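Asker: Here is my input, please return the structure:
(chains A and B, ligands or ions: 1)
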Amino acid sequence: MAFITVTKDTFENEVLKSDKPVLADFNADWCGPCQMLKPILEELSESYEGYKFVSINIDDEDELAEEYDVASIPCLVIFKDGAETERSIGMKPREALEELLEGN
Amino acid sequence: MYDIIIIGAGPAGLTAAIYARRAAKTVLVLEAASCGGQIINTPDIENYPVAMHISGFEFANKLSEQAKALGAEIKFEKALEICDGDSEKTVKTRKNSYSAKAVILATGSENRRLGLENEDKLVGRGISYCATCDGAFYKNKTVAVVGGGNTALEDALYLTDLAEKVYLIHRRDEFRGEEATVAQLRQKENLSFVYNSRVTKLNAGKRLESIEVTDKDGNVSTIELNGLFVAVGRIPENQNFAQLVTLDEGGYIPAGEDCHTNVPGIFVAGDNRAKAVRQLVTATADGAVAATEAVKYASSH
Ligand SMILES: Cc1cc2nc3c(=O)[nH]c(=O)nc-3n(C[C@H](O)[C@H](O)[C@H](O)COP(=O)(O)OP(=O)(O)OC[C@H]3O[C@@H](n4cnc5c(N)ncnc54)[C@H](O)[C@@H]3O)c2cc1C
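Answerer: Presented below is the predicted three-dimensional model:
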């Protein structure tokens, strides 16, 4: 599954109205831990097909970051049926991310 | 069984892995979070010899590629305990246990917390330990920095350019950090110094809303803010091994330049060792020394 880049204009359709649960990765180019996380998330998106994986660049999408109270990245937010159900902040090992995805 | 287990894949641990692999020893590196350790948060390193500018992320990636290319095995598991047997040492993680002839502790350090209620829950919701990482979220907002060393001063200076208002809270009335930075801060109109005071309470709803500050005479005041940047130092991550390895008062492992701990066959490398300068070059240097000593030990046992 591909990682989709989401913007303010596509957020509602891709995330809030998604029929699958969504893992939203709030990140930035200058954020080292976000870059470390990216390849792990890409791999996970292959094995967790029940999820839609989306990437949100907080510099381009500062309104979304503000709306969802993102104040530290990497920040992974899980959305189900349009609502946030889980949040994980900071660099986490793969095992913790699997738990995050399986916990839902 | 491995020849050498290295705990921590920061600059010290990964350098140790490179040296141990070049000496043809089998190596397992255990890492609790991600390769690279603390340095992945730094956008620009300017003081590592030869690399004029390199990001912490690139530094971490190149170093872990090098260790892996030489044949080091890296597993993402946190070491919880070490047992010292007669002929081997066993390192326990949540699900597994691994044994080796020699062990190198390269667990580095983590941010010291204030120790206040709800502090952990508010990380990323108003509490931060890294101004350069999270400052961007506080453009035109009100923030406070707590601490009195260079990190606190530099964080405050960095934030004055982003935030509308910055408070710098320090428990004394003099700073341990550089006078030049203090002088720069005095020029900043949007910065207020709060001396002789401690943060004593975090008030939050969904996110941090205000802090309670208590001065040395016991007067309590409240500061409304959006973010609190904690810069009160770092603490070594040696607690898991304290029943076996001697620590000093600060929690560091008191080993000399040879990186030997009090336990034969257990070595220490990097920021968790008692020493004066905690930087990449000293961490990588320790990695080389500790690996060389561990290789000697593994060859003779
Ligand atoms: C914001 C910032 C900026 C910096 N900038 C510079 C700079 O410009 N130049 C410079 O030279 N230095 C800089 N430093 C200092 C430098 O990052 C450290 O000196 C260096 O990273 C120390 O390396 P280390 O391997 O000893 O420890 P660490 O980098 O702390 O790595 C230790 C690793 O061990 C892991 N670990 C801990 N406990 C366990 C366990 N029980 N089981 C498994 N794994 C475990 C941790 O997850 C971590 O990955 C900076 C530090 C910070 C915080």
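Asker: Now do the worst-scoring helix or strand of chain B on mean pLDDT: which elements does it pack against?
Answerer: Within chain B, confidence by mean pLDDT, DSSP states H and E is lowest for helix B:131-134 among all helices and strands, at a mean of 90. Counting contacts by 3 or more CB pairs under 8 Å, 6 or more residues apart in numbering or on different chains; DSSP states H and E, helix B:131-134 packs against helix B:150-160, strand B:227-230. Any C-beta I mention is one placed from the backbone N, CA and C, and that applies to glycine too.
Asker: Out of these, which one sits most buried?
Answerer: Most buried of the helices and strands packed on helix B:131-134 by mean neighbour count (mean count of other CB atoms under 10 Å in any protein chain shown) is strand B:227-230; its value is a mean of 26.
Asker: and that one, anywhere near the ligand?
Answerer: No. Counting by CB under 6 Å from any ligand atom, the ligand has no neighbours in strand B:227-230; the shortest distance is 11.8 Å.
Asker: so does that strand get close to chain A?
Answerer: Yes. Strand B:227-230 comes into contact with chain A (CB under 8 Å from any CB of the partner chain), by way of B:Gly227.
Asker: Tell me the strands beside that strand, with direction?
Answerer: strand B:127-128 (parallel), strand B:142-146 (parallel) (DSSP bridges).
Asker: got the ones you listed as CSV, with mean neighbour count and mean pLDDT columns?
Answerer: Listed next are the strands paired with strand B:227-230 as CSV, based on neighbours: other CB atoms under 10 Å in any protein chain shown; pLDDT from 0 to 100:
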stretch, mean neighbour count, mean pLDDT
strand B:127-128, 26, 96
strand B:142-146, 25, 98
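Asker: which one of the ones you listed lies closest to B:Thr284?
Answerer: strand B:127-128 (27.7 Å; CB to CB).
Asker: Okay, buried residues for stretch A:22-34 please.
Answerer: Buried residues in stretch A:22-34, counted by 16 or more other CB atoms under 10 Å in any protein chain shown: A:Val22, A:Leu23, A:Ala24, A:Asp25, A:Phe26, A:Asn27, A:Ala28, A:Trp30, A:Cys31, A:Gly32, A:Pro33, A:Cys34.
Asker: doesn't the second one fall inside a strand?
Answerer: If I follow you right, that is A:Leu23. Yes. Counting by DSSP: H, G, I helix; E, B strand; the rest coil, one finds A:Leu23 located in a strand.
Asker: What pLDDT is listed against it?
Answerer: Note for A:Leu23: predicted pLDDT of 97.
Asker: I figured it hits A:Lys80, correct?
Answerer: No. Using CB atoms under 8 Å, A:Leu23 is not in contact with A:Lys80; the gap is 10.5 Å.
Asker: Look up how far the ligand lies from whichever residue of the stretch 201-301 of chain B sits closest to chain A.
Answerer: Using CB to the nearest CB, the closest approach of the stretch 201-301 of chain B to chain A is made by B:Arg207 at 6.1 Å. Distance of B:Arg207 to the ligand, computed by CB to the nearest ligand atom, to the nearest Å: 23 Å.
Asker: mind listing what that residue touches?
Answerer: Listed by CB atoms under 8 Å, 6 or more residues apart in numbering or on different chains, the contact set of B:Arg207 reads A:Asp69, A:Ala71, B:Leu122, B:Arg125, B:Gly126.
Asker: try 7 Å this time
Answerer: Contacts for B:Arg207 (CB atoms under 7 Å, 6 or more residues apart in numbering or on different chains) come out as A:Asp69, B:Leu122, B:Arg125, B:Gly126.
Asker: For these, which two are the farthest from each other?
Answerer: Pairwise over the contacts of B:Arg207, using CB to CB, the maximum falls at A:Asp69 and B:Leu122, 11.5 Å.
Asker: For the closest residue in space to B:Cys133 that isn't next to it in sequence, grab phi and psi.
Answerer: Nearest residue to B:Cys133 in three dimensions, chain neighbours excluded: B:Asn41, at 5.4 Å (CB to CB, 6 or more residues apart in numbering or on different chains). Dihedral angles phi and psi of B:Asn41 (degrees, to the nearest 10) take the values phi -80, psi -10.
Asker: what does the stretch 101-250 of chain B have sitting close to the ligand?
Answerer: Contact residues, the stretch 101-250 of chain B versus the ligand (CB under 6 Å from any ligand atom): B:Ala106, B:Thr107, B:Gly108, B:Ser109, B:Cys130, B:Glu237, B:Asn240.
Asker: Quickly check those residues for the two that are furthest apart.
Answerer: B:Cys130 and B:Asn240 (23.9 Å).
Asker: Contact partners for A:Val54?
Answerer: Shown in contact with A:Val54 (CB under 7 Å, 6+ apart): A:Ile4, A:Val6, A:Glu14, A:Val15, A:Val22, A:Ala24, A:Asp25.
Asker: What of B:Arg278?
Answerer: B:Arg278 neighbours (CB under 7 Å, 6+ apart): B:Asp271.
Asker: That'll do, ta.
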